[in-house]
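# The following block contains a protein sequence and its predicted model.
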Amino acid sequence: MQKEDTAGNKAFVLEMIGQKKQLTDYPERASDSMVVYEPSSLPFGGIYRGMKAFEQFYPKVREFYDFKHFDLLNVYADEDKVFAISKAAIANSDGNILLNEQFTFREGKIVEVRLYIYDYEGQPIHKLIEQAGQASRKRS
């Protein structure tokens, strides 16, 4: 098995998330067999296989987070794994969560993404989702 370009993969994730770009902006970096795991507590939670599935659910991600208040805090890398930690505001709410996205690379392509979330005391994710949903319904 070929050794991964850990520094190159880290630089890629740093650029993509730091510039608030999408994986669809880098189609050559996603494996055809890529699997994305999103926590079931999120409105778009589930398991998505392949770029087509990613493209179908990702617009919901862009609606859910307030990307004006989405800050990359740090990126760590070790062999075939890159971890990106971000503070993300939830759109239509007054809350934030911490995200840890774990990217697994094989031959320079992402084969797996796993999202882990941490919600702050007094701001549990289910309350923020409820608050965001109420704000959206009021605007409709």
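Received it, and whenever you're ready, just let me know what you need.
# I figured Pro39 was touching Tyr118, is that so?
No. The criterion here is Cβ atoms under 8 Å, and Pro39 misses it with Tyr118 at 10.8 Å. For glycine as for every other residue, the C-beta is placed from the backbone atoms N, C-alpha and C.
# okay, the two: which has more neighbours?
Per other Cβ atoms under 10 Å, whichever of Pro39 and Tyr118 has more neighbours is Pro39, with 14 against 11.
# Tell me the spacing between the more buried one and His69.
Distance of Pro39 to His69, given as Cβ to Cβ, to the nearest Å: 20 Å.
# how about the helices in this structure?
In the chain, the segments counted as helices under DSSP state H are 6-18, 50-64, 125-139.
# Grab the longest strand from the chain for me.
Criterion DSSP state E: the longest strand present in the chain is strand 65-78.
# what residues does that one touch?
In this structure, residues lying in contact with strand 65-78 by Cβ atoms under 8 Å, 6 or more residues apart in numbering are 6-7, 9-10, 13-14, 17-18, 20, 82-91, 96, 98.
# out of those residues, which are buried?
Among the contacts of strand 65-78, those scoring as buried are 9-10, 13-14, 17, 82-86, 88-91, 96 (criterion: 16 or more other Cβ atoms under 10 Å).
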